[in-house]
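Asker: structure of the sequence below:
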Amino acid sequence: MLHESFVKLFWRTFDDIGQGAAWFHVKPITVQRWLDGRNDVNPMAEKLLIIRNRGYLPDDTRWQGFRIDEDYATIITPEGRRFSPKELESWALRFDEYHTLKRLYELDYIPIRSHVVTPLPFRGGRRLEKPTCETVAKDKKKMYRRKVK
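Answerer: Residues are numbered from 1 along each chain as shown. Take a look at the predicted model:
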């Protein structure tokens with residue numbers, strides 16, 4: 001990275017030299033020397049600055065536009081929405097609850113893998129003769145209910 005590029009990126013990322021020095025774990029005079037051009041910038045400091053400025057996310061097209069905000073501990077989408085780690089963690093539970101309720105109350109639930117033939121489970125060196133339980137289709141459940149009534 002050129003010296004001028006490092007200086008521009010440094011001032012875009014940090015508000016003052018002390019903040020940058022604390023982040024790089026060096027003394028402020030070292031950062032001052034890097035910015036003045038008296039000393040060459042440590043190559044690892046350059047890489048860390050690029051990573052920090054990108055928002056810690058991988059250099060992949062699928063993450064383009066996403067950022068991480070350290071101050072608020074959030075992921076920012078390209079549209080500007082913010083998601084906290086707890087919110088992202090709770091989505092998996094919400095997703096599971098949603099599909100469980102749909103399955104229980106048969107609210108137009110269509111399983112994702114409806115026509116996939118899975119082999120019998122493998123147990124202790126041999127395959128089972130027949131499965132211990134059977135997945136019941138929606139039509140079969142309705143038929144059972146009609147017989148009970």
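Asker: for the strand or helix carrying Ile29, buried residues please.
Answerer: Ile29 belongs to helix 28-36 when assigned by DSSP states H and E. Across helix 28-36, burial judged by 16 or more other CB atoms under 10 Å covers 30-31, 34-35. (Each C-beta comes from the backbone N, C-alpha and C, glycine too.)
Asker: any chance of CSV for those residues, columns distance to Ala92?
Answerer: Shown next, in CSV, are the buried residues of helix 28-36 (distance: CB to CB, whole Å):
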residue, distance to Ala92
Thr30, 44
Val31, 41
Trp34, 43
Leu35, 44
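Asker: which one among those residues gets closest to Phe24?
Answerer: When these are ranked by distance to Phe24 (CB to CB), Val31 comes first, at 6.7 Å.
Asker: residue contacts, the closest one?
Answerer: 10, 17, 20-21, 24 (CB atoms under 8 Å, 6 or more residues apart in numbering).
Asker: now go through those and say which are in helices.
Answerer: 10, 17, 20-21, 24 (DSSP state H).
Asker: ranking these by neighbours, who comes first?
Answerer: Gly20 (23 neighbours; other CB atoms under 10 Å).
Asker: now the chain, which segments are flagged as low pLDDT?
Answerer: Within the chain, the ranges that satisfy pLDDT under 70 run 1, 58-59, 107-136, 148-149.
Asker: thinking again about what came up before, distance to Arg52 for the contacts of Val31 - can I get that in CSV?
Answerer: Shown next, in CSV, are the contacts of Val31 (distance: CB to CB, whole Å):
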residue, distance to Arg52
Phe10, 10
Ile17, 15
Gly20, 10
Ala21, 14
Phe24, 10
